[in-house]
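Student: What follows is a predicted protein model with its sequence.
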Amino acid sequence: MGKFFGNRWWVVFASVCGLLVGSGAINVFAFGVFLKPVTEELGIGRGYFGSALGINSLLTTFACFVLGWLLDRYGTRRVMIPGLILCAISTALYSTISPDPARIYLLFGFAGLAYCVQSPIPYANSVSQWFDRGRGLALGVAMAGVGLGVAIVPKLSGWLIATYGWRGGYIGLGIAVMVIAWLPVAVFLREPPGYKPQERRAAERAAANLLPGMSAREAFKTWHFWSFTIAFFIAIVAINGTLTQIVALLTDRGIPAPQAIGYLSTAGLALIVGRLFAGWCLDRFWGPYVAICFFVIPMAGIALLASGAGGSVPMYGAILCGLGVGAEVDLMAFFTSRYFGMRSYAKIYGVMFALFAGANGVGPSLSGASFDHFHSYFQIFMVYEVLLVITCGMFLRLGPYPYPAPKQEVVPGEFGKAAAE
């Protein structure tokens, strides 16, 4: 029995469960389901409520920088177990929202700080500790929890709201975090035997010195870094600004809420497909061309949603947007390795991802403000189309990879062995 539960794939299982109710699923996509019932009952604007999500995302971004230090110092398990309890409490506390601005911003700000532990960062850290060979597959399976969360959590939220009201719905999501995330993490997520964070970091730094690439300081001074960061930032503003409004937009048009939520859930399944397909394409085609294709796809999706067409058209719009947002994380990770090398990969990618995560709340705030002003999403959707065109233009300016794939594949862990010797 001990050998069965000691299998390292249980760590991957715990990661899938954790990310299923991760920051994106709870604070971004479930937000879209709660948006209309909360604002209608409290008599507040969608832009005002969306601005609270902006505060949430901003604080999550800053907290992620501290999270990395905590993981290195104390290990993943000792950070995650109390952190997930705070996530559950902060989610349940959303049930106490009132029209008071201070209360709304305080509750979303607290959740933003707590939910840094529900980003992919600690789960990727834990899986990477257990897997060297086969790490790519293990990480891919673990990160699939994000897409599953986008597919499942909106439907769960819709059922909770229909059964218990939106206040009961938030309490139900808090309980879901404890059952779906905290319990598997407490049982299965752990460090490898003999693991010492400080010693591992020292070994990784020694190994990194053998890898080709720029230092983080050098990368942050290049136009490539800021071009990538800005491009991904404005792209996620456009795509998430659209996806978080789908349920409200479609119910405004008379589509039943369960059907509208189902359309949003299809975006989660498309996210998984987009992530896998983008990775396959990046191994075979020049990255900027792949990026442009995956940002043209959500442009088509936004156009379908803005068109006002009925039938299955909104579902196709949601799917196309989901494909785009699913590809973004893969694209960021790939471009970081090819344009900056592996020497300071974690630091460069970590900063880029943190800034990227900060965009999660910007789009919903802009979309809500547009609706409050124009009583329509059409105007802001046209702005999003322009932003995605700008994103594509920025990728066209990129040149060849400074750090292309080696002709002979390097087995994971070889650099670490060399450093140890």
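Tutor: That came through, no problem.
Student: What helices and strands are in contact with the helix or strand containing I319?
Tutor: In this structure, I319 sits in helix 313-340 according to DSSP states H and E. The contact analysis (3 or more Cβ pairs under 8 Å, 6 or more residues apart in numbering; DSSP states H and E) places helix 313-340 against helix 135-176, helix 223-243, helix 246-252, helix 257-282, helix 287-306, helix 345-357. In this view, the C-beta of every residue, glycine as well, is placed from N, C-alpha and C.
Student: With respect to G326, which of these lies nearest?
Tutor: In terms of Cβ to Cβ, the element of the helices and strands packed on helix 313-340 nearest to G326 is helix 257-282, at 2.8 Å.
Student: Give the buried residues for the closest one.
Tutor: Residues 257, 260-272, 274-279, 281-282 are the ones in helix 257-282 that count as buried (16 or more other Cβ atoms under 10 Å).
Student: One more: stretch 297-306?
Tutor: Result for stretch 297-306 [16+ other Cβ under 10 Å]: buried residues 297-299, 301-302, 304-306.
Student: now stretch 77-94
Tutor: In stretch 77-94, counting by 16+ other Cβ under 10 Å, buried: 77, 79-80, 83-88, 90-94.
Student: pLDDT, secondary structure and distance to F65 added to these, as JSON lines?
Tutor: Formatted as JSON lines, these follow (pLDDT from 0 to 100; DSSP: H, G, I helix; E, B strand; the rest coil; distance: Cβ to Cβ, whole Å):
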{"residue": "R77", "pLDDT": "90", "secondary structure": "helix", "distance to F65": "21"}
{"residue": "V79", "pLDDT": "91", "secondary structure": "helix", "distance to F65": "14"}
{"residue": "M80", "pLDDT": "93", "secondary structure": "helix", "distance to F65": "17"}
{"residue": "G83", "pLDDT": "95", "secondary structure": "helix", "distance to F65": "15"}
{"residue": "L84", "pLDDT": "96", "secondary structure": "helix", "distance to F65": "20"}
{"residue": "I85", "pLDDT": "97", "secondary structure": "helix", "distance to F65": "22"}
{"residue": "L86", "pLDDT": "96", "secondary structure": "helix", "distance to F65": "18"}
{"residue": "C87", "pLDDT": "96", "secondary structure": "helix", "distance to F65": "18"}
{"residue": "A88", "pLDDT": "97", "secondary structure": "helix", "distance to F65": "23"}
{"residue": "S90", "pLDDT": "96", "secondary structure": "helix", "distance to F65": "19"}
{"residue": "T91", "pLDDT": "96", "secondary structure": "helix", "distance to F65": "23"}
{"residue": "A92", "pLDDT": "97", "secondary structure": "helix", "distance to F65": "27"}
{"residue": "L93", "pLDDT": "97", "secondary structure": "helix", "distance to F65": "24"}
{"residue": "Y94", "pLDDT": "96", "secondary structure": "helix", "distance to F65": "25"}
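Student: Can you pull the domain assignment for the chain?
Tutor: Following automatic domain parsing, the chain resolves into domains at 10-192, 207-398.
Student: Can you get me the start-to-end distance on the shortest one?
Tutor: To tie it back to what came earlier, the one meant is domain 10-192. 12 Å (Cα to Cα, to the nearest Å).
Student: hang on, the earlier thing: turn the buried residues of stretch 297-306 into JSON lines, including distance to F374.
Tutor: Shown next, in JSON lines, are those (distance: Cβ to Cβ, whole Å):
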{"residue": "I297", "distance to F374": "26"}
{"residue": "P298", "distance to F374": "22"}
{"residue": "M299", "distance to F374": "21"}
{"residue": "G301", "distance to F374": "21"}
{"residue": "I302", "distance to F374": "16"}
{"residue": "L304", "distance to F374": "19"}
{"residue": "L305", "distance to F374": "15"}
{"residue": "A306", "distance to F374": "12"}
